[in-house]
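Student: How does the following fold in three dimensions:
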Amino acid sequence: PQLAGLTNRIKEEIDGRGWYRMGQLMLKVGHFDQAEELYNELLKGTSTDSDIAYIYHQLGWLKDDQGEYKDAVEFYKKSVKIYRKTLPEDDASLAPTYSNIGQVYKNMGEYSKALEYYEKSLIIREISLPPTHPDLAQ
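Tutor: Numbers count the residues shown, from 1 in each chain. The predicted structure is shown next:
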């Protein structure tokens, strides 16, 4: 029963499918090297732009958590570049990545760049969300 409860909790906490879910779990519990190894293997085996962009986003998250901010920005920007091939500039799914880029620049002490990306994220959220949505406050 305890294992079933743990498994259900992980399913609630971790989105995704298959190995992508495993990568997120590794990130959440701080196993960065294993997560990075997994994501690099997944990159070798995927050919869809959406999967590649997602993996770059996750690698950005990983590098940010490791304090490797320049690498984090590069991975996040690669993710945005791929998504922008098929999505408009103001697509709601881009807002979290722009916000994450802003967070990394904030961590680096580059506040004007952080503000630029936070503003991009906010503009998208203002367009795509109702005015009382809690994500706007964030």
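Student: Kindly export stretch 50-57 (C-alpha atoms) in PDB.
Tutor: Extracted in PDB, the C-alpha atoms of stretch 50-57 (Å, rounded to 0.1, in the frame of the first residue of the first chain):
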ATOM      1  CA  SER A  50       8.500  19.400 -30.100                       C
ATOM      2  CA  ASP A  51      10.400  16.700 -28.300                       C
ATOM      3  CA  ILE A  52      13.800  18.300 -29.000                       C
ATOM      4  CA  ALA A  53      12.500  21.700 -27.800                       C
ATOM      5  CA  TYR A  54      11.100  20.100 -24.600                       C
ATOM      6  CA  ILE A  55      14.400  18.300 -23.900                       C
ATOM      7  CA  TYR A  56      16.300  21.600 -24.300                       C
ATOM      8  CA  HIS A  57      13.900  23.300 -21.900                       C
END
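Student: begin at 46 from here
Tutor: Noted, 46 is the first residue going forward, which turns the last one into stretch 95-102.
Student: I'd like the average pLDDT over the host helix or strand of Lys89.
Tutor: In the assignment (DSSP states H and E), Lys89 maps to helix 77-90. Average pLDDT, helix 77-90: 90.
Student: contacts for it?
Tutor: With contacts defined as CB atoms under 8 Å, 6 or more residues apart in numbering, helix 77-90 is touched by 64-65, 67-68, 71-72, 96-97, 100, 103-104, 107, 110-111. In this view, the C-beta of every residue, glycine as well, is placed from N, C-alpha and C.
Student: Could you give me the buried positions within the helix or strand just after that helix?
Tutor: Using DSSP H and E, the next helix or strand after helix 77-90 towards the C-terminus is helix 94-110. Under the neighbour-count criterion of 16 or more other CB atoms under 10 Å, helix 94-110 has 97-109 buried.
Student: what's around Ala117, how many residues?
Tutor: Residues lying near Ala117 (other CB atoms under 10 Å) number 25.
Student: Likewise for Glu134?
Tutor: Using other CB under 10 Å, Glu134 has 10 neighbouring residues.
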